[in-house]
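My questions are about this predicted structure, shown below with the sequence.
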Amino acid sequence: MSDGKEPKPDVSKGLKGVKAADSSVCYISGEEGKLLYRGYNIDDLAENTNFEEVAYLLFKGELPNKEELKEFSELMATYQSLPPQLKEFVKSLPQDVIPMTALRSAISIAGVYDSEAEDESTEANFRKAIRLTSLMATLVAAIRRHRDGKEILDPKPGLSFAANTMYMLNGVDPTDDEIKAMDLVLILHAEHGFNASTFTARVISATLSDIYSAITGAIGALKGKLHGGANIEVIKTLHEIGSADKVEAWVKEVKANKGKFMGFGHAVYQVEDPRAKHMKELSKRLGNEKGEPVWYDISEKMEATIKPLINKNCNVDFYSASLQYYMGIPKELFTCIFAASRIAGWCAHVLEQYADNKIIRPSSNYTGPDERTVKPIGDR
Ligand SMILES: CC(=O)SCCNC(=O)CCNC(=O)[C@H](O)C(C)(C)COP(=O)(O)OP(=O)(O)OC[C@H]1O[C@@H](n2cnc3c(N)ncnc32)[C@H](O)[C@@H]1OP(=O)(O)O
Ligand SMILES: O=C([O-])CC(=O)C(=O)O
């Protein structure tokens, strides 16, 4: 207890910079702007792999060979179909449900109908990780279709994971460019160390609770606008500004009101987020191809204006907003698409946590009153 004179114990607010465990899933250099999944640079992965390969890499630690990939992709395809109870659950939701709220609830319900949900064996947890990773995109698509009053679609046999995700979202066979764009979004969002949602998943699994509980919690953390929810705030901003020539006035006003620029700043990167350039490039291309470059143009102008003003770079959520818009994804779904990718990272971390567990229980610096006694109710 403190009398106000003792030196305060060190508190690392938000645990910033604190190393809470060893992890071999990803390496991030905030100074260099470098991101490696299991030792592979994301620039290399973005160019040369698809999401199934990246999910395999995150779970197993190595990239698959041809046969391993075939087997893993077939397994993912099997798990991609929604159990009938889950489809009925999505249909029972109010049509105007917030998609991340629907997704969080649906994953919790998915645990109810998984006969292995409480099986703590490594093999069962591994199967559940693949099942959850396969299921998440189908659920996101189902939530979109339900909100639009359209029939929920089953995955189409023979399509890749990214292709099926686009197909189930939109109800039409995607073009090669659309498949590439979805793969890029899925690969780049898949993993990012001890971020808030992954840490949430690890905290929950470290109590030896089940993987469905951990992922339900992670979705709740990702939903927040300081984390994955920022991409929805960014698109709202782009639409509010409306044209590139209005950016400077808008930025001035936000700065004068001490507001936050969503999609800028990062807890780890002091230099450019290495994922941003990929999203930016593709957003520019798709914006031109769709004959609607305005949202890219506003984004580019915002980056040029905000970066020198607050000395913060844009993060992964910034150009992913205009990119997802150009991919035809409704803005309310942007964070769900992030979740459909990050599920691979979450699961890799949950498996890692179970494999070398220690309950996560930091302490706090007490700032409340000194010990006191309860007065009779009439004297309070
Ligand atoms: C996938 C992801 O989660 S990426 C992040 C997505 N979130 C956003 O884009 C929201 C906007 N950004 C932010 O709120 C922050 O930069 C965060 C949450 C990402 C990181 O927060 P921190 O680790 O505290 O960053 P940092 O130490 O650099 O921030 C210090 C101060 O810089 C300023 N700052 C940081 N980012 C911004 C911003 N985007 N706009 C204005 N000022 C900012 C603030 O004064 C901040 O203090 P505060 O949080 O008390 O207001
Ligand atoms: O790492 C973080 O703090 C945020 C995050 O999830 C990411 O940038 O992908």
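Arrived safely, thanks for sending. Residues are numbered from 1 along each chain as shown. Ligands and ions are numbered 1, 2, ... in the order given.

what residues are up against A124?
E116 (CB atoms under 8 Å, 6 or more residues apart in numbering). C-betas here are computed from N, CA, C, even on glycine.

ditto for K150
K150 sits next to G171 when contact means CB under 8 Å, 6+ apart.

Check what pLDDT it gets.
pLDDT for K150: 97.

Repeat that for the one 4 residues further on.
Per-residue confidence (pLDDT) for D154: 97.

Using the three-state scheme, assign it.
Under DSSP: H, G, I helix; E, B strand; the rest coil, the three-state class of D154 is coil.

could you measure it against V247, distance?
D154 sits 43 Å away from V247, going by CB to CB, to the nearest Å.

try L135
From L135 to V247 the distance is 40 Å (CB to CB).

can you check V350 too?
Distance from V350 to V247, by CB to CB: 41 Å.

of those two, who's got more company?
A count of neighbours by other CB atoms under 10 Å puts V350 above the other of V350 and V247, at 27 against 23.

I figured the more buried one hits A129, correct?
Yes. Counting by CB atoms under 8 Å, A129 is a contact partner of V350 at 7.1 Å.

Identify the contacts common to those two.
Contact criterion CB under 8 Å, 6+ apart; residues shared by V350 and A129: I211.

give me the number of residues near whatever residue of the chain ends up closest to ligand 1?
Proximity to ligand 1, evaluated over the chain using CB to the nearest ligand atom, is greatest for G265 at 2.3 Å. Neighbour count for G265, taken as other CB under 10 Å: 18.

same question, P64
By other CB under 10 Å, the residues close to P64 number 18.

A102 contacts F89, doesn't it?
No. With contact defined as CB under 8 Å, A102 does not count as touching F89 (9.2 Å).

excluding its backbone neighbours, what's nearest T335?
Of all residues not flanking T335 in the chain, G228 sits nearest, at 4.6 Å (CB to CB, 6 or more residues apart in numbering).

Also P9?
The shortest distance from P9 to any non-neighbouring residue, by CB to CB, 6+ apart, is to N365 (5.3 Å).

Is the one you found part of a helix or strand, or is it coil?
Assignment for N365 (three-state DSSP): coil.

mind listing what's buried in the one helix or strand E352 maps to?
For E352, the element it lies in under DSSP states H and E is helix 334-355. Within helix 334-355, the residues that count as buried by 16 or more other CB atoms under 10 Å are 334-354.

what helices or strands is that helix leaning on?
Using 3 or more CB pairs under 8 Å, 6 or more residues apart in numbering; DSSP states H and E as the contact definition, the elements that helix 334-355 packs against are helix 51-60, helix 99-112, helix 122-147, helix 176-188, helix 196-205, helix 211-223, helix 230-241, helix 316-326.

L169 versus the residue lying closest to E52 once chain neighbours are set aside, what's the distance?
Leaving aside its chain neighbours, E52 sits nearest to S73 (4.8 Å; criterion: CB to CB, 6+ apart). Here S73 is placed at a distance of 19 Å from L169 (CB to CB).
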